[in-house]
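>>> What would the 3D arrangement of this be:
(one chain, ligands or ions: 1)
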Amino acid sequence: MNESIHMHRAEKLWLRFGFLMLAIFLATITTASIIDGISPPSRVQTIDPTKVAQTPPFDHPGVRKISPGHYEVYYVAQIFSFNPQSISIPVGSHVTFYITSSDVEHGFYIPATGVNTMVTPGWVSSVSHTFTKTGKFLIVCHEYCGAGHQFMAGSIEVQ
Ligand SMILES: [Cu+2]
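Sure thing, here's the model as predicted:
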């Protein structure tokens, strides 16, 4: 018995279309990464992860008042905590968070806000939020970082 594999013409066409799309996507990503310079989202600058404790402003993590209602907060994420662990800011404040890691990949997530970023060693992540409600906000690490990951949390008191 001699059975040759027969492929329908429409099937061949769709297969070609699929490969063509893959080639277009690959070309687009390659071109964009070369022309624009690829960098992870929301990372604003690089930092030597082994020298975080000596690199300003991360040598003194914490809250900085920029102007009335405007704050910057510098965080160092490390296994298994955030430094500063807890902060307090007035209600209505526009806060820009700058977070870096001194060891492994971490996450920085504040439920009920839009604040959600990965924290990669060697990079400074930045995300902003205006706190319009009073209360205690939880900061959680949402990237598994080791045996104590579930205890890695911080808090923001909005008064
Ligand atoms: Cu973690």
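>>> so how far is M118 from the closest residue to D48 other than its chain neighbours?
Excluding its sequence neighbours, the residue lying closest to D48 (Cβ to Cβ, 6 or more residues apart in numbering) is T55, at 6.8 Å. Quick note: C-beta positions are derived from backbone N, CA and C, even for glycine. Note on T55: its distance to M118, by Cβ to Cβ, to the nearest Å, is 20 Å.
>>> So between the two, which is more surrounded?
In terms of neighbours (other Cβ atoms under 10 Å), M118 is the more surrounded of T55 and M118; the figures are 19 against 16.
>>> these two touch, right, the more buried one and Y109?
No: in this structure M118 lies outside contact range of Y109 using Cβ atoms under 8 Å: 9.5 Å.
>>> Just the pLDDT at L20, thanks.
On pLDDT, L20 comes in at 98.
>>> Counting neighbours, what do you get for it?
L20: 10 neighbours (other Cβ under 10 Å).
>>> tell me the SS of it?
Taking DSSP: H, G, I helix; E, B strand; the rest coil as the rule, one finds L20 in the helix state.
>>> ditto for A27
A27 falls in the helix class when you classify it by three-state DSSP.
>>> Please apply the same query to the one 4 residues further on.
Recorded secondary structure, T31: helix (three-state DSSP).
>>> what about it, neighbour count?
For T31, the count of nearby residues is 10 (other Cβ under 10 Å).
>>> what number of residues lie near the closest residue to V104 other than its chain neighbours?
The spatial neighbour of V104 that comes closest, neighbours along the chain excluded (Cβ to Cβ, 6+ apart), is C145 at 5.2 Å. By the criterion of other Cβ under 10 Å, C145 has 20 neighbours.
>>> Please list all residues in contact with C145.
Shown in contact with C145 (Cβ atoms under 8 Å, 6 or more residues apart in numbering): I79, F80, D103, V104, E105, H106, M152.
>>> E143 belongs to a helix?
No: assessed with three-state DSSP, E143 is coil; it does not lie in a helix.
>>> Name the nearest residue to it, ignoring sequence neighbours.
G107 (3.8 Å).
>>> Helix, strand, or coil at that neighbour?
Per three-state DSSP, G107 ends up strand.
>>> just use 55 as the starting number from now, easier for me
Got it, first residue is 55 now, which makes that one G161.
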